[in-house]
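K.L.:
sequence and predicted model, in that order:
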Amino acid sequence: MYDPVEPDSLHIPGPEEKNWAMFCHLAAFAGFILPLGNIIAPLALWLMKKQESPYVDHHGREVLNFQITALIALVVCWLLAFVLIGFVLMVLLGALWLVFTLVGLVKASQGDYFRYPLTLRLLH
């Protein structure tokens, strides 16, 4: 067990920690299969492993914060679809979601502490 604080730059994650952090990012793609799967799947992984590793805890929180932020942005885009700009914003949001998720996945595999840009920090 560890004390959940800010990422410790001295902690070097092992292969298993990197894999679980990558799984947290990959789990976001569950949203293509299940409604809200992009939040539920990473949440389940994070809750299972957050006490075992500060690295997985960090990545799990980042994934959840980003997925919740993306969901809020999607709702705003749907509301703006009535004035047509929402459709353009949805395409932009989808592209950013895909790119940021893949970058997070790669950073987790490399052992880096990644923070999603443009994200509300709802979970600390």
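P.N.:
Right, received. Where do you want to start?
K.L.:
centre of the chain to stretch 116-124, how far?
P.N.:
Averaged C-alpha coordinates place stretch 116-124 at 9 Å from its chain's average position (C-alpha atoms, centre = their mean, to the nearest Å).
K.L.:
how about stretch 30-49?
P.N.:
On the basis of C-alpha atoms, centre = their mean, stretch 30-49 sits 10 Å off its chain's mean C-alpha point.
K.L.:
buried ones in it?
P.N.:
By 16 or more other C-beta atoms under 10 Å, the buried positions in stretch 30-49 come out as 30, 31, 37, 38, 39, 41, 42, 43, 45, 46, 49. The C-beta positions use only the backbone N, C-alpha and C, and glycine is treated the same way.
K.L.:
out of those residues, list just those in helices.
P.N.:
If you go by DSSP state H, the buried residues of stretch 30-49 have 37, 38, 39, 41, 42, 43, 45, 46, 49 in helices.
K.L.:
pLDDT and distance to residue 70 added to the residues you listed, as CSV?
P.N.:
Listed next are these as CSV, based on pLDDT from 0 to 100; distance: C-beta to C-beta, whole Å:
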residue, pLDDT, distance to residue 70
37, 93, 13
38, 94, 8
39, 95, 9
41, 96, 14
42, 96, 12
43, 96, 14
45, 96, 17
46, 96, 16
49, 94, 22
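K.L.:
relative to residue 77, how far out is the residue of the chain most remote from its centre?
P.N.:
No residue in the chain sits farther from the centre than residue 83, which is 29.6 Å out by C-alpha atoms, centre = their mean. For residue 83, the distance to residue 77 equals 11 Å [C-beta to C-beta, to the nearest Å].
K.L.:
again, but for residue 96
P.N.:
Counting by C-beta to C-beta, the gap from residue 96 to residue 77 is 12 Å.
K.L.:
who's more crowded, those two?
P.N.:
When neighbours are counted by other C-beta atoms under 10 Å, residue 77 comes out ahead of the other of residue 96 and residue 77, with 19 against 16.
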